[in-house]
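[1] sharing a model prediction with you, sequence too.
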Amino acid sequence: MLSLFHSPAYLWLLLLIPVLVWRRFLVFQDQGSIPFSNVDAAIQLPRTLRQRLIWLPDVLLLLALVGLIIALARPRDGRQRTVSSSEGIAIELVVDRSGSMQAMDFRIDGERVDRLRAIKNVVSEFVLGGDELEGRFNDLVGLATFAGYADAITPPTLDHGFLVAMLNQTQIVNQRTEDGTAIGDAIALATEKLNALDAREESKIKSKIIILLTDGESNAGSLEPIQAAELAETLGIKIYTIGVGTKGEAPFPVRDPFSGREVLRAMEVNIDEATLTAIAEKTGGKYFRATDTDSLEAIYREIDELEKTKVESKQFVEYRELAVEEYPTSWATLPPILSLVLCLLFLRVVLQTFWLRELT
């Protein structure tokens, strides 16, 4: 809060007030007196309330004059405001939840975890911020998942806490009929969600991107991945693709038929890197390969640097003119200074006219 005067030079006029007080109450106090030989009897007479308050109209006039001088100086209460405007980015996260995501080739704090859990951990930091990531606080972020079919989980939203909560609830498919890798359908669904933003948002989104994470080859869905990428390119949507998983073989949890315990068994894994690279290049994005948690975190840091939101902050000061505007406080609302001046003058006129009128 900034309190100041627009024209402080007028405050010099306050130096006249002591002069007026001196002239009115000290110099002319004997003006109009009548000589008496003995005033002892008059002094002993009780003074009436009117006699005690005969000075009040002059004091009210001086107070009104002080208020008028202060009003001329234009006291103002200033409050500094900051307005931030941003050219937002809309991001659609597309996460594979097919059965192959059960591979335990990632680690968090030294503990083996499946690929989906590692993705949840890194994506949460990408959205909310953490470690070396600032978070995407000014961006709309949506979530879609896919296995044998694509599913829209959340629309692009600024409620990132809700989005992360929905991501953490995502589970790897456990039904063979639902399994598969419908990359083309997933891209098409994400493209549709991002394209719908132009009709929903008041201001057009600066850029729209899809971040696709998968660990396999497209083997389900009705649309080919390249066809879906061409659709995204036509609508100006950029796609970053991330191939998740080690190369060659990866440990998968299986049930030992003899002991009944869950054990890890190495199985061959394949990622269609050629298709993922083509999708990214066609839309102006980039393909990444994440073979462990560290490389996955590094990929998201790079994407975070590539897709920066432009934020502009403007500062200005809002002024309240106290001479003509009310001033709210924690205990009361103070009236404008000129209103107080008028009230003082009105009170003086009333008192001097009907009760404290001086005899001439």
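    Looks like it arrived, so ask away.

[2] count of residues packed around the closest residue to residue 20 other than its chain neighbours?
    Nearest-residue entry for residue 20: residue 62, 6.4 Å, with adjacent residues in sequence omitted and distances by CB to CB, 6 or more residues apart in numbering. (Each C-beta comes from the backbone N, C-alpha and C, glycine too.) Neighbour count for residue 62, taken as other CB atoms under 10 Å: 17.

[3] the bottom helix or strand of the chain by mean pLDDT?
    Scoring the helices and strands of the chain by mean pLDDT, DSSP states H and E places helix 40-44 at the bottom, with a mean of 58.

[4] if we can go back for a sec, taking the mean pLDDT, what do you get for the helix or strand containing the residue nearest to residue 20?
    Element membership of residue 62 [criterion: DSSP states H and E] is helix 56-72. Taken as a whole, helix 56-72 has a mean pLDDT of 87.

[5] low-scoring stretches of the stretch 51-200 of the chain, by residue?
    Within the stretch 51-200 of the chain, the stretches with pLDDT under 70 are 51, 80-88, 199-200.

[6] quick one: the helices in it?
    56-72, 115-128, 160-169, 183-195, 197-200 (DSSP state H, counting those that start in this stretch).

[7] looking at the ones you listed, which is buried most?
    helix 183-195 (a mean of 25; mean count of other CB atoms under 10 Å).

[8] against which helices or strands is that one packed?
    Counting contacts by 3 or more CB pairs under 8 Å, 6 or more residues apart in numbering; DSSP states H and E, helix 183-195 packs against strand 89-96, strand 140-146, strand 150-157, strand 207-214, helix 225-234, strand 237-244.

[9] which residues touch it?
    For helix 183-195, contacts defined as CB atoms under 8 Å, 6 or more residues apart in numbering pick out 90, 92, 94, 142, 144-146, 149-152, 155-156, 205, 208, 210, 212, 214, 218, 220-229, 231-232, 235, 237, 239, 275, 279.

[10] if I pick the residue nearest to residue 20, what's in contact with it?
    17, 20, 21, 24.

[11] for residue 335, state which of these is nearest.
    residue 17 (21.8 Å; CB to CB).

[12] ends of stretch 327-334, what's the gap?
    5 Å (CA to CA, to the nearest Å).

[13] buried ones in it?
    Buried residues in stretch 327-334, defined by neighbour count with 16 or more other CB atoms under 10 Å: residue 327.

[14] got the contact list for that stretch?
    Residues contacting stretch 327-334 (CB under 8 Å, 6+ apart): 77, 320, 326.

[15] report the buried members of these.
    77, 320.

[16] any chance of a markdown table for the contacts of stretch 327-334, columns distance to residue 192?
    Below are these laid out as a markdown table (distance: CB to CB, whole Å):
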| residue | distance to residue 192 |
| --- | --- |
| 77 | 51 |
| 320 | 49 |
| 326 | 53 |
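
[17] so which of the contacts of stretch 327-334 belong to strands?
    77, 320 (DSSP state E).

[18] with respect to residue 53, which of the contacts of stretch 327-334 is nearest?
    Nearest to residue 53 among the contacts of stretch 327-334 is residue 326, at 30.3 Å by CB to CB.

[19] please list all residues in contact with that closest one.
    Taking CB under 8 Å, 6+ apart, one finds 333, 334, 335, 336 in contact with residue 326.

[20] now residue 167
    Listed by CB under 8 Å, 6+ apart, the contact partners of residue 167 are 93, 95, 120, 123, 124, 143, 153.

[21] now for the residues you listed: which two are most distant?
    With CB to CB as the measure, no two of those lie farther apart than 124 and 153, at 14.2 Å.

[22] in which helix or strand would I find the nearest residue to residue 241 once chain neighbours are set aside?
    In space, and not counting its chain neighbours, residue 241 is closest to residue 276: 4.1 Å by CB to CB, 6+ apart. Here residue 276, judged by DSSP H and E, is contained in helix 273-283.

[23] go through that helix and flag the buried ones.
    Result for helix 273-283 [16+ other CB under 10 Å]: buried residues 275, 276, 277, 278, 279, 280, 283.

[24] distance check, the closest residue to the first one other than its chain neighbours against residue 251.
    By that I understand residue 275. Leaving aside its chain neighbours, residue 275 sits nearest to residue 225 (5.4 Å; criterion: CB to CB, 6+ apart). Per CB to CB, to the nearest Å, residue 225 is found 27 Å from residue 251.

[25] just want to know which of the two has more residues nearby.
    residue 225 (28 against 16).

[26] what's near enough to touch that one?
    183, 184, 187, 218, 275, 279.

[27] quick check, residue 57 in contact with residue 352.
    Yes: counting by CB atoms under 8 Å, residue 57 touches residue 352, with 4.5 Å between them.

[28] hang on, the earlier thing: of the contacts of residue 225, which is the nearest to residue 8?
    Taking CB to CB as the measure, residue 8 sits nearest to residue 187 out of these, at 65.5 Å.

[29] tell me how far the closest one lies from residue 143.
    Relative to residue 143, residue 187 is positioned 14 Å away (CB to CB).

[30] next: residue 151.
    10 Å.

[31] before we move on, what about residue 209?
    According to CB to CB, residue 209 stands 14 Å off from residue 143.

[32] turn the buried residues of helix 273-283 into JSON lines, columns for pLDDT.
    Below are these laid out as JSON lines (pLDDT from 0 to 100):
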{"residue": "275", "pLDDT": "92"}
{"residue": "276", "pLDDT": "93"}
{"residue": "277", "pLDDT": "94"}
{"residue": "278", "pLDDT": "94"}
{"residue": "279", "pLDDT": "94"}
{"residue": "280", "pLDDT": "94"}
{"residue": "283", "pLDDT": "93"}
